[in-house]
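Asks: Sequence first, predicted model second:
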Amino acid sequence: MNRINPKIEFKTFTLEDGLKVILSVNKKIPSVSQNITFKVGSKNDFKGRSGIAHLLEHLMFEGFQNKYELGFDEILESYGGENNAYTNWDLTGYYINIPSHCFESALWLDSCRFSEICFDENDFNIQKSVVLEENLKTHENVSYGTVERESSKLLFTDNGYNMPVIGLPEEIKKISFSDVKNFYRSFYSSERAVISIVGDIDYSVTEKLVRKYFSQIPNFRQDVRKKEYCFFDTPLKGEIISEIKSEVNLPAVFIFYKMPAKGTKEYSTAYLIKKFLSSGESSALVHRLQYTKCLANEIDVYICELEFLSLFVINVVANNNTDLDLIINEIDIELNSLKNKSVEENKLLKVKNKIETEYYFKLQSSSVIAEKLSEYSLLFEDCNKINNELNDFLNVSENDILSFADKFLNDKRLILKYLPESK
Amino acid sequence: MRKDLDRTKPPVPGNPKDIKFPEHYKTKLENGIEVIALEDKRLPIVTARFLFKTGTLYDSICNGEKQGLISLLSELITKGAGKYKATDIADIIDYYGAHLSTFADYESMSLNIYSLKKYFEKIFEITSEIIRYPSFENEEIERVKIQRINSLISNFDDGEYIAGRLFKSKVHGISPYSFNVDGTASTIDALTKEDFISAHNKYFIPENLLVVIVGDIENDEAVKITQKYFSDLKNGSYDRLNLTLEGSFNRNKIFIAERKQAVQSDIVMGHSTTKRKTPDYIPIVVMNTILGGFFTSRINKNLREVNGFTYGAHSYFNCYKLSGDFSVETSVGNRLTVPALKEIINEIHKMKCFPVSETELSNAKNYLIGNFFLQLETSNAIASKLIYLNLFELEDDFYENFVSKIKEVTIDDVHNVAKKYLHPENLIIAVAGVSDEIKNGMEQIGEVEVLNYIE
């Protein structure tokens, strides 16, 4: 089948203080997406203070009014811009989408908050309450919301991945004002950062502006900046099963397997398997569990991407009164068939077609492109991966799938079961 | 380190670029089908929407006994058509890497497809089979019913869903806007094959259909392909729903849906309001933006940034074809429920009693204008806007004039619509939470009723 791969053109350079800069022109609409990502995440949380990286992300939006009359969001929204941020185990990313005629303001806004701390102790106390409410909203008060906490403590024992990103409430409460300031000074150095700017820009003008606003960011975080995270992990020795009684109406199961990190051949293979199992009504698990057997209400297969390894996760919410062991058994039938015989050629082609369509749809968005460029730069030091990743997926063979399933989708796994309390 | 950069003042923005809503082509086929086409050749992809202007409001024709009919019909319809079995359809859509989804709400139901340009006609063809000749096999009907009933069971795990449903059911009283789009376990269970066949015959007719095609396809191709596959769509007619909707509370009333395990209260509060077609719409949008429509709105600033009560709080004017509702939505810790309710009511009062400031007005207007352009990035987003225009029978140039209309709004306009459309004394307050821990002090706000709410 003939495939076309539109190339994302970009330009990169590094400022004297180590900040990496990526620019990409996309004149589709008169707007600009700016993404600044730091190579720091919850795995770097101070011991006993889980949630500090995420709380700091909240605080990066605070305190502007003390210095610049108006708050960060007020200034940005008054230009018609929008913004958000995310924290995961490895990275903290901040993005701004803004009409291009106000674009310089986005550079100004980010250079202000990343050159010095703007927030004060009052901002700190308020955001701590906001984060505790966020934890209730997204983890405690929703069905299966504790899965990250319950799984991470069983999957990892001896590294920073054994806590949920948002932290444990009792530890969040213990975080002090000076803890977050220390964390900022330890990790928010320009050497750990990349800025990607995608949209209605001009290379030479934008380069000058980036130099104007970011050449003067003090790199005073010298004491720790060379310290790289030292990762070690104990592989799972066999099957771990954990049952959680919970106030949910439908039972659910989450199955976790450890596998290699993003950027590897194995990761591309796993991505195809994920699609094969759960993307579309004809996919293996949806067809078997939802259509043929009517056992499942929701099916989701996803890869949790970490810097040093990934987690392959199968999640099924069962229909009312369905025995989860029956579901696990059906899942195993599908996984075993992946190990025992090659995936039929047309089924493999189907998955590749799906990936190709999705790839193009994602490229419609400048902010997606900016985020990908930042991530590839920080994790792989290779932005051009954005142009190669489709081929990485399309090059996966039947044999790759066979050997991946055999090597990684075996009985070294964690099974988390959510069981309705009343039943 | 150089010291010459002064960061104390933000840079001055340049002049906004002149941008227009993308040009599109509109026509009506002989049999009455409307087609809107928008060519966009930047990526080799095409999106199409098939919109039938009959929504779950029509579930009401039998006094609500058929709640969920249109929504379940939209799900069932892809499960077998003409020569294709359910599994064939799934296989073909997936094989070509395409996407097919269906959607139903109060005013409409739609089928949405997207695919690579090279497979578009194949996907279009199969969708036309689905629309014209759905099979409605018994086995498939049973299957979608079981799945829907389980989804409903799961939805009632969710405080936000419960509060939202409770609010809609109380605020819209006996009108079909109070119904659950998804249906209820008992109404779904009672639906028959005949229900689906008759709804399909009645509503899937040319004069009810709008086809929107956006992407790497020329306008006349888009029209031709619609002609080719839909010229034989059977004609028909049906009585349009005409509702006169009135009746509201004259004091605040609080309904608590008991949720013993809750560690937070999910709150949805507000009252009924105008339908979408009103000359006040643009000032309402500006007023609501200042009140609770964006991050730096008064309500979010108060509840999140000043008090730290919540992860977020927003207000909405949900204006439909025949009616509408105004709502404020948030989730707060149990002990914060009463203080949060008081702050929200206070903000609605303030908006009604006092004019907004010049800065607030210009910030909100700039936000709406800038954000409007950010929303024109994807073909899906543009298709949604074209559908919205057509469904609510708005002026053709609504989006062309959007920016200038926003610019015209004055402080007085905002105050006038606040006075007219905000009623802080007549609120329905729906809370999903644990009554024993949150009730204390609530009677100062309004009469409290605790319910065991499940539909």
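Replies: Looks like it came in fine.

Asks: hang on, isn't residue B:386 packed against residue B:24?
Replies: Yes: look at residue B:386 against residue B:24 with Cβ atoms under 8 Å: they come within range, at 6.4 Å. For glycine as for every other residue, the C-beta is placed from the backbone atoms N, C-alpha and C.

Asks: quick one: which of those two has more around it?
Replies: With neighbours defined as other Cβ atoms under 10 Å in any protein chain shown, residue B:386 and residue B:24 compare such that residue B:386 has more, 23 against 20.

Asks: Check the more buried one and give its pLDDT.
Replies: Taken from the predicted model, the pLDDT recorded for residue B:386 is 92.

Asks: what sits against it?
Replies: For residue B:386, the contacting residues are B:24, B:36, B:38, B:212, B:214, taking Cβ atoms under 8 Å, 6 or more residues apart in numbering or on different chains as the criterion.

Asks: domains for the chain, by residue range?
Replies: I went with chain A, as the question did not name one. Listed domain ranges for chain A are A:11-225, A:240-420 (source: automatic domain parsing).

Asks: that's the wrong chain, I wanted chain B
Replies: B:25-230, B:253-451.

Asks: Would you mind giving these as TSV with distance to residue A:79 added?
Replies: Converted to TSV, the domains of chain B look like this (distance: least, Cβ to Cβ, whole Å):
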stretch	distance to residue A:79
domain B:25-230	26
domain B:253-451	6
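
Asks: Give me the contact list for the host helix or strand of residue B:194.
Replies: Element membership for residue B:194, per DSSP states H and E: helix B:193-203. With Cβ under 8 Å, 6+ apart as the test, helix B:193-203 has contacts from B:52, B:54, B:58, B:66, B:69-70, B:72-73, B:76-77, B:134, B:136, B:138, B:141, B:234, B:236, B:238.

Asks: next structured bit after it?
Replies: Along the chain past helix B:193-203, the next helix or strand (assigned with DSSP H and E) turns out to be strand B:209-215.

Asks: circling back to that earlier point, to chain B, which of the domains of chain A lies closest?
Replies: domain A:11-225 (1.0 Å; Cβ to the nearest Cβ).

Asks: Let me know the average pLDDT across the closest one.
Replies: Averaged over domain A:11-225, pLDDT sits at 92.

Asks: how far is that domain from where the chain is centred?
Replies: Taking Cα atoms, centre = their mean, to the nearest Å, one finds domain A:11-225 lying 14 Å from the centre of the chain it belongs to.

Asks: before we move on, back to that, intersection of neighbour lists for residue B:386 and residue B:24?
Replies: Listed contacts common to residue B:386 and residue B:24 are B:36, B:38; contacts here mean Cβ under 8 Å, 6+ apart.

Asks: ok, now which ones touch residue A:82?
Replies: Residue A:82 sits next to A:76, A:96, A:97, A:98, B:371, B:374 when contact means Cβ under 8 Å, 6+ apart.

Asks: Check the spacing between it and residue A:95 real quick.
Replies: Distance of residue A:82 to residue A:95, computed by Cβ to Cβ, to the nearest Å: 9 Å.

Asks: Repeat that for residue A:253.
Replies: Using Cβ to Cβ, one obtains 34 Å as the distance from residue A:253 to residue A:95.

Asks: quick one, helices of the stretch 51-200 of chain A?
Replies: Counting by DSSP state H, counting those that start in this stretch, the stretch 51-200 of chain A has helices at residues A:52-59, A:64-68, A:72-78, A:103-115, A:121-135, A:147-155, A:169-174, A:177-187.
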